[in-house]
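**Student:** Take a look and give me a structure for this.
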Amino acid sequence: MADPHTEPEPPRQPSWQLTAPRLLVLSLLFHLVFVQSIFDVYFSSPVVQVTDRFSVTDEDGRGLAKRVVLFVGDGLRADKLFQTYASPPFPSSDPPPSPVPSPHALVPPSSSFNDERTTPAPLLRSLIQSGQAQWGVSHTRVPTESRPGHVALIGGMYEDVSAVTRGWTTNPVPFDSVFNQSSHAFTFGSPDILPMFALGASDPNRVATFSYDEEAEDFTSDAVHLDLWVLDQLSSLLKNASSNPELKAKLDAPGVVFFEHLLGLDTTGHSYRPHGPEYHRNIRVVDYVVSRTVELLSEYYGDDGETAFVFTADHGMSSLGNHGDGHPDNTRTPLVVWGKGMRRREDWEEPERHDEYSAGWGLKGVRRDVEQADIAVLMAVLAGVPIPANSAGRLPLEYLDASPSFRARAAFANAQQLLAEAEAKSELKRRHALSFRPFPELVDSPERGYHSAPSHRREIQRLIDEGEYLEAEKRSVELGEIALRASNYFQKYDWLMLRTIITVGYLSFMLLTAHSILSPSCSAASSSPSRLAVLPLLAFVALSARFAIERAPLSYYLYAFFPSLFSFFVLHKPGPLLSLFRPSTSSTPLSHRLTGLLSTLLILETMAYGYTSRRAFAIIALAMGFIWPLTLDARWRSENRRLVAGWMAAMGVLAIFPVLPVEKGEDLRVVSAGAALICGIGFVAIHSLGRTGSPTWTRTRRFLLAEIALTVACTAVTCSSALSLQRKEGLPASNQYAGWMILITSSFLPIFHGRPHGQPPLERLSVLLFAFGPAFTILSLSYEALFYACFCLALVAWIKMEASLTRAEGKKVDEGMGMKHVRISLFFLAFLHLGFFGCGNVASISSFYLEPVYRLMTVFAPFPMGALLLFKLLIPFVALSAVSSAINHHLRLPPLSLFLVSSILSEILTINFFFRVTDTGSWLEIGSSITNFVICSLLGLFSSALLAGGEGLLKGTAVGLQTV
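**Tutor:** This next block holds a predicted model:
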């Protein structure tokens with residue numbers, strides 16, 4: 001219905017004037033650029049060109065061992081390998097496949113246990129208990145994914161965090177590795193890992209790869225066959241050497257590296273989680289693969305005793321069956337090393353060292369923990385090959401069985417390699433920086449006890465030449481630590497400047513948004529242009545000149561461009577912001593405005609705390625549901641008792657979900673209950689909307705019934721697929737096709753429905769909300785479908801509350817923005833976070849399960865699987881966008897007005913998390929700080945896109961107050 005009041009046409013604005021739609025586009029671009037700022041500030045790529053290489057050998061030019069074998073149990077947690085069990089961790093009814101022997105092995109009683117225990121890894125445990133092997137925990141870094149884990153293990157380098165997004169099978173930059181420095185490397189395993197090192201080798205023929213097809217990585221099949229395939233390939237290789245002289249020469253050469261990538265545990269952990277018997281059964285298979293590998297190599301090399309063995313993992317596995325974040329279950333992996341060059345326990349006397357984590361494992365000897373990159377240095381020293389150029393690892397000297405001379409020279413080689421990388425970074429900055437500041441600890445300063453790099457080198461070399469090996473070893477270790485600090489210093493050389501620019505960027509965007517909100521109510525006289533607008537342009541030119549001289553990356557220019565542009569728009573016509581400092585003409589008392597401001601800040605801080613504890617969002621939901629209605633007019637509450645009661649009930653139920661545990665098992669009864677609730681609400685909606693007499697109702701009713709029918713069909717397919725997967729019968733092809741057909745058809749129904757002109761908004765919303773019922777059903781593990789139904793109910797209750805309040809207040813169109821609109825924007829942000837945190841926890845981003853995805857696809861494909869999870873996460877936001885747009889229209893505000901207010905509020909959260917990002921502390925803290933900032937930034941990005949999408953979703957609806 002057209003508005004009876006005719007508004008005067010506003011004066012024509014210049015073509016470059018920043019309108020709300022243009023500001024929305026600018027916001028999208030701004031957040032896309034600035035969300036990656038932390039990677040430039042804190043986690044830029046550590047790869048630099050280092051020309052010098054350093055190695056250590058004995059008197060005859062060989063390493064401690066002639067060859068090194070690296071086993072990587074992909075996704076193996078340290079505790080699951082080392083601990084013992086009172087009963088077999090997997091039933092004898094499901095034994096490992098032939099030729100793997102008995103499903104478990106007994107552990108003799110020890111001081112820690114009075115009864116017999118079992119272990120799934122009899123060989124590895126016996127090596128430790130007999131003193132043949134040294135052991136410890138290898139601590140990984142975030143992201144705990146296969147690619148960065150293997151780069152750290154084999155290259156000794158911690159890739160920048162964003163590298164995980166660049167693909168699993170290719171190298172974004174060529175980097176050095178132990179394989180590249182070896183005489184020859186024979187690698188066996190996954191096609192997702194092996195090509196990274198083969199393609200990055202300086203001599204492609206040096207790294208031989210033996211990998212299975214990608215189709216073999218099926219999450220519903222028995223993954224132990226992937227590990228047994230690796231063993232078969234090694235056996236075939238060694239057999240072929242007898243008739244292939246060239247191959248035999250490569251195998252017999254010193255400096256050979258064997259790499260067995262055992263993917264079965266990762267696949268099994270994703271499918272059945274690390275507490276399941278399938279995971280422990282797979283550990284037994286891995287232990288068998290290790291034992292047979294030792295036997296095969298011993299037979300081939302005639303038991304020459306020249307082989308060193310290293311067993312570890314690239315990352316762990318959370319209790320949810322996922323990994324990626326910094327949770328200790330993901331960052332603590334096992335390390336067991338034995339063979340030539342490795343120290344035996346009886347060589348020295350030390351008491352056992354355990355903490356609470358390892359005290360119950362009953363392992364003998366000293367637990368010696370390392371950082372993951374240390375393993376690359378250890379392997380290089382054992383094989384007598386140069387340490388990888390960009391390695392950040394420290395050589396764990398206590399693992400070595402070597403003379404004092406060798407230990408001192410090995411420590412010196414490690415220190416020189418670390419120092420060479422620091423010097424390469426220093427030289428890179430020195431050549432391009434306008435004003436270069438060297439690392440203070442590597443500048444000769446007798447009064448401060450600092451010495452230059454050449455001074456350190458000369459002194460350590462002198463100590464080695466004079467036979468003072470212990471002092472040389474000590475000084476080398478100290479020099480290595482100084483070199484690491486120097487590398488970190490140059491890695492964050494532009495840290496202060498970038499943090500300042502990024503902060504100014506967010507603040508200037510907030511000012512620009514406030515400027516856009518206040519501009520319509522500001523008189524033309526007070527909006528006259530100001531000459532101050534030239535200042536941000538000059539600042540951008542100056543910064544660009546500096547970046548050009550220093551050869552800064554393109555992202556630096558973009559970081560400077562946005563705050564300069566925002567400041568230009570603000571300073572060009574500063575009148576709207578200056579009006580804030582004039583005496584207020586608002587009828588709202590100052591005390592009410594201050595109370596509103598403090599309440600807003602309190603809620604924002606509660607939201608920030610919610611990133612650490614989901615329960616905070618339950619408190620926010622309860623405050624919205626029960627405290628806010630009490631602040632409303634008593635007469636209005638009395639006239640709308642049923643509406644207020646419905647709002648309280650909806651928010652009260654919604655508040656339950658952030659309190660529920662994130663760790664949840666598959667429960668088809670709860671999934672079916674969620675689908676039934678969606679269908680039940682659908683029939684109620686059909687009954688309610690049918691009474692409006694809308695001319696578009698007949699068409700809408702057909703689509704709603706189709707969506708309900710698809711939800712019922714999807715429930716049947718979901719239960720059938722899940723039961724088949726639980727029985728380990730795989731995913732039936734018919735179920736897979738049906739699942740995809742239902743998912744695609746239901747998701748496209750709103751498009752087929754179209755946008756009939758004059759359709760009531762609740763009709764359009766109903767078609768949109770119920771269209772995603774099947775998607776949430778098939779992608780649910782437990783209570784997710786119930787959450788979606790309750791979330792949609794709360795949104796509908798919200799739109800009815802706001803519509804009723806607007807009718808009762810009878811506000812004029814030109815009243816402008818006030819505290820009410822700040823409150824609505826806060827509600828929008830609250831629902832935005834509830835949509836994300838209702839089923840997951842950002843403190844453990846891996847809390848979003850992969851298991852439901854197996855109902856649609858079972859072969860490992862990271863991007864399609866990730867896309868399905870992302871689709872599921874975005875569904876509640878689509879509903880929120882449509883509801884927010886409807887409320888914006890009901891309030892008779894200009895388009896995207898609520899977006900402008902919510903942008904200011906969300907930027908406060910973003911700045912909060914930007915300053916909390918850290919690259920020190922535990923990897924749980926580091927990973928959580930990164931995740932918090934990224935998710936908060938993305939939610940700001942989503943809010944921009946969703947509010948824009950909401951305008952399109954409701955275009956053409958009869959958004960009048962009487963229709964809701």
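**Student:** so where do the helices sit in the stretch 401-550 of the chain?
**Tutor:** Assigned by DSSP state H, counting those that start in this stretch, the stretch 401-550 of the chain shows helices spanning 404-432, 453-465, 469-491, 495-518, 534-549.
**Student:** ranking those helices by burial, who's on top?
**Tutor:** Each of these was scored by mean neighbour count; the highest is helix 404-432, a mean of 21, by mean count of other CB atoms under 10 Å. Where you see a C-beta, it was placed from the backbone N, CA and C, and this is true even at glycine.
**Student:** now the angle from that one to helix 534-549?
**Tutor:** Here helix 404-432 runs at 130 degrees with respect to helix 534-549, directions being taken by axes from the mean of the first three to the mean of the last three CA atoms, to 10 degrees.
**Student:** And helix 404-432, what does it pack against?
**Tutor:** helix 374-383, helix 453-465, helix 469-491 (3 or more CB pairs under 8 Å, 6 or more residues apart in numbering; DSSP states H and E).
**Student:** a strand runs through Val69, doesn't it?
**Tutor:** Yes. Using DSSP: H, G, I helix; E, B strand; the rest coil, the assignment for Val69 is a strand.
**Student:** which non-adjacent residue is nearest Thr187?
**Tutor:** Counting by CB to CB, 6 or more residues apart in numbering, the nearest residue to Thr187 once its immediate chain neighbours are dropped is Phe259, at 4.3 Å.
**Student:** Quickly find the element holding the one you found.
**Tutor:** strand 256-262 (DSSP states H and E).
**Student:** and what of Ala716?
**Tutor:** Ala716 is part of helix 697-726, with elements assigned from DSSP H and E.
**Student:** Then Glu59?
**Tutor:** Here Glu59, judged by DSSP H and E, is contained in no helix and no strand.
**Student:** How many neighbouring residues does it have?
**Tutor:** One way to gauge burial is a neighbour count; for Glu59, by other CB atoms under 10 Å, it gives 8.
**Student:** Phi and psi next, for it.
**Tutor:** With angles defined as degrees, to the nearest 10, Glu59 sits at phi -60, psi -30.
**Student:** Against Leu484, how distant is it?
**Tutor:** Shown here: Glu59 relative to Leu484, a distance of 30 Å by CB to CB, to the nearest Å.
**Student:** again with Leu463
**Tutor:** Between Leu463 and Leu484 the distance, using CB to CB, works out to 21 Å.
**Student:** can you check Val767 too?
**Tutor:** 59 Å.
**Student:** List the buried residues for stretch 672-688?
**Tutor:** For stretch 672-688, burial by neighbour count (16 or more other CB atoms under 10 Å) applies to Ser672, Ala673, Gly674, Ala675, Ala676, Leu677, Ile678, Cys679, Ile681, Gly682, Ala685, Ile686.
**Student:** Quick check: what element follows the lowest-mean-pLDDT helix or strand in the chain along the chain?
**Tutor:** Of all helical and strand segments in the chain, the minimum by mean pLDDT, DSSP states H and E falls on strand 105-107, at a mean of 60. In the C-terminal direction, the helix or strand that comes right after strand 105-107 (DSSP H and E) is strand 117-119.
**Student:** picking up where we left off before, wait, which of the helices of the stretch 401-550 of the chain is closest to Val822?
**Tutor:** Across the helices of the stretch 401-550 of the chain, Val822 has its closest neighbour in helix 495-518 (10.3 Å, CB to CB).
**Student:** Do a quick rundown of the helices in the stretch 201-350 of the chain.
**Tutor:** In the stretch 201-350 of the chain, helices defined by DSSP H, counting those that start in this stretch lie at 224-240, 245-252, 264-272, 277-300, 328-331, listed in chain order.
**Student:** looking at the ones you listed, which is buried most?
**Tutor:** For the helices of the stretch 201-350 of the chain, ranked by mean neighbour count under the definition mean count of other CB under 10 Å, the leader is helix 264-272 at a mean of 26.
**Student:** can you give me the angle that one makes with helix 224-240?
**Tutor:** Computed by the same axes, to 10 degrees, the angle between helix 264-272 and helix 224-240 is 170 degrees.
**Student:** For helix 264-272, name the packing helices and strands.
**Tutor:** helix 224-240, helix 277-300.
**Student:** quick one: which of those is nearest Ala552?
**Tutor:** Shortest separation from Ala552 across the helices and strands packed on helix 264-272 is recorded for helix 224-240, at 44.7 Å, computed as CB to CB.
**Student:** Next one: the residue nearest to Gln233 when sequence neighbours are not counted, what pLDDT does it get?
**Tutor:** For Gln233, ignoring the flanking residues on the chain, the nearest one in space by CB to CB, 6+ apart is Phe210 at 4.5 Å. Taken from the predicted model, the pLDDT recorded for Phe210 is 96.
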